[in-house]
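**Student:** Turn this into a model:
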Amino acid sequence: MKKYSISAYLDLLTEAGLVTEANLYDQKNLAIENLTFDSREVTPGTLFVCKGAAFKAAYLEQSVADGAVLYVSEQKYELNRPVPYILVSDVRKAMPILGKFFYEDPCRNFRLIGVGGTKGKSTVVYYIKAILDDYLKAAGQPESAMISSIDTYDGVKRFESHITTPESLELFRHFHNVADSHIPYLSMEVSSQALKYDRVDEVVFDVGIFMNISEDHISPIEHPDFEDYFASKLKLFAQTRTALVCTDSDYQERILAEAAASERLLTFGTKAGSDIYGYNIRKVNDQILFDVKCDRFQETFILTMPGLFNVENALAAIAAAYVFDIPTEYIHSGLFRARSDGRMESFHSEDGKVVAIVDYAHNKLSFEKLFDSTRKEYPESDIVSIFGCPGKKALLRRHDLGTIAGMYAKKVYLVAEDPGAEPVIDISTDIAQYVAAQNCPYEMIEDRGEAITKAILEVDSPTVILITGKGNETRQKYGSQYIDCRSDVEYTKLALEQYNKEHK
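**Tutor:** Here you go, the predicted structure:
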């Protein structure tokens, strides 16, 4: 990878109209060897970006001590020796420009699929990855890459994610790893926060998928209102070559009008007239079957992941495969085997009374679809719900999730779900008022494992236990720290083992 001089970065940001002041001292020809905003990642020759409301001068001082040779910031810092700097009017807008330049526009070396919307993004990414992986394996090529709120794989690193869309410098590093690994496709979730705060600037998506829209992430630290949230989501189309829009989404006219900004527009969904039209949806034993009609084929596909609502997600993946001319044999095989740890994973007791479903559902739209689908798939069973809400953000969820769970459930357990700086008892008490308004009993138990165990061991008639929000994640956010913990999947397996022993 070519290394560029300090002066080249000044020219780059000047051309972008972002520079307010700069001083390179006598170091203008010095080559930049590394790029980061994390002081823990600094090595000799680093360009260090000072960003974030919580940034401290000490981070820059440590970075300089560790070898940073240039900093980019919105303000100047007094250091104990002259250090080249470039001051910019907006550091967030500067970051993707820097990332694209440093990593030499890696996206041109692979196909990029971006998935947006309120619900279903991670499942769609997993479905697309499964289809692409089967296709690539048959061609003797490496597996596809992914960036999701659950897992990330870029050809070099594979790890559990803790944010939907990374900061732009991290994102371009992933892009570089994908290109360097000769991976032909990358599928990724694109969050409203990423679009609003310029994380995906300088990125063009070969395919941009818009799933749906519903109120979410409304809070003082996210989006002030639904209009800001919706408008942020719609920005996806301005940087998309082929737009794929779900016809089952609300606000169709506005979404389609914005999608016209893309070079090409295709629709998918269960409404007649969709370019990729899904219909005749039915459940056969533990499988979901549905028919799909388009101008290239008319076939029946099978899902083994539970949830009737997943047909919409599968149609999005089929539409993406359609754009890339993936043969239908790989669409069939990919959808049939597609799995995501902690996403609609079902576990059964030996006596058949308990069905425990672990899922990441965490907002109004995902709750509505999950509970409605559960009622249709298990009409003779009671429903018990175990969930929480994050601290100090997405505040509307407390009303929405409490109301929906209270409407459907026999009982609700309110637990910790990344409370951050807010006491869990305060969050649970807030949610509880909406559960109680539906005349539904509830219990507040902070520890998720304790609640899952209690709910399973209390079952005395056919019951579906919906354990939502954390899936297979192995950390909880308390304060500003992530604390290691068992996943809901592991808690569920352990509780079912205990239940089976007690009911032999």
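
**Student:** In contact with the closest residue to Thr474 other than its chain neighbours, which residues are there?
**Tutor:** In space, and not counting its chain neighbours, Thr474 is closest to Ser487: 5.2 Å by C-beta to C-beta, 6 or more residues apart in numbering. Any C-beta I mention is one placed from the backbone N, CA and C, and that applies to glycine too. Neighbour list for Ser487: 342, 470-474 [criterion: C-beta atoms under 8 Å, 6 or more residues apart in numbering].

**Student:** switch to 7 Å and redo it
**Tutor:** For Ser487, the contact set (C-beta atoms under 7 Å, 6 or more residues apart in numbering) comprises 342, 470, 472-474.

**Student:** what's the answer for Ser7, then?
**Tutor:** Contacts of Ser7 (C-beta under 7 Å, 6+ apart): 24, 28-29.

**Student:** helix or strand for it, which one?
**Tutor:** helix 6-15 (DSSP states H and E).

**Student:** and what of Leu87?
**Tutor:** strand 85-88.

**Student:** And whatever helix or strand comes next after that strand, what does it pack against?
**Tutor:** Once strand 85-88 ends, the next helix or strand along the chain (criterion: DSSP H and E) is helix 91-102. For helix 91-102, the elements it packs on are helix 6-15, strand 34-36, strand 68-73, helix 168-180, judged by 3 or more C-beta pairs under 7 Å, 6 or more residues apart in numbering; DSSP states H and E.

**Student:** and with 8 Å instead?
**Tutor:** helix 6-15, strand 34-36, strand 46-49, strand 68-73, helix 168-180 (3 or more C-beta pairs under 8 Å, 6 or more residues apart in numbering; DSSP states H and E).

**Student:** which residues touch that helix?
**Tutor:** 4, 8-9, 12-13, 16, 18, 32, 35, 37, 47, 49-51, 72-74, 88, 167-169, 171-173, 197-203.

**Student:** Buried members of those into ChimeraX, please.
**Tutor:** For the buried members of the contacts of helix 91-102, the matching ChimeraX selection, counting by 16 or more other C-beta atoms under 10 Å, is:
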select :4,9,12,13,18,32,35,37,47,49,50,51,72,73,74,88,167,168,169,171,172,173,197,198,199,200,201,202,203
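
**Student:** ok now stretch 423-442, how far from the chain's centre?
**Tutor:** Centroid separation between stretch 423-442 and its chain, computed with C-alpha atoms, centre = their mean, to the nearest Å, is 27 Å.

**Student:** meant to ask about stretch 496-504
**Tutor:** With C-alpha atoms, centre = their mean, you get 35 Å for stretch 496-504.

**Student:** Against Asp90, how distant is the residue lying closest to Leu169 once chain neighbours are set aside?
**Tutor:** Excluding its sequence neighbours, the residue lying closest to Leu169 (C-beta to C-beta, 6+ apart) is Gly99, at 4.9 Å. Using C-beta to C-beta, to the nearest Å, one obtains 15 Å as the distance from Gly99 to Asp90.

**Student:** out of the two, which sits in the more crowded spot?
**Tutor:** Neighbours per residue, other C-beta atoms under 10 Å: of Gly99 and Asp90, the larger number sits with Gly99, 26 against 13.
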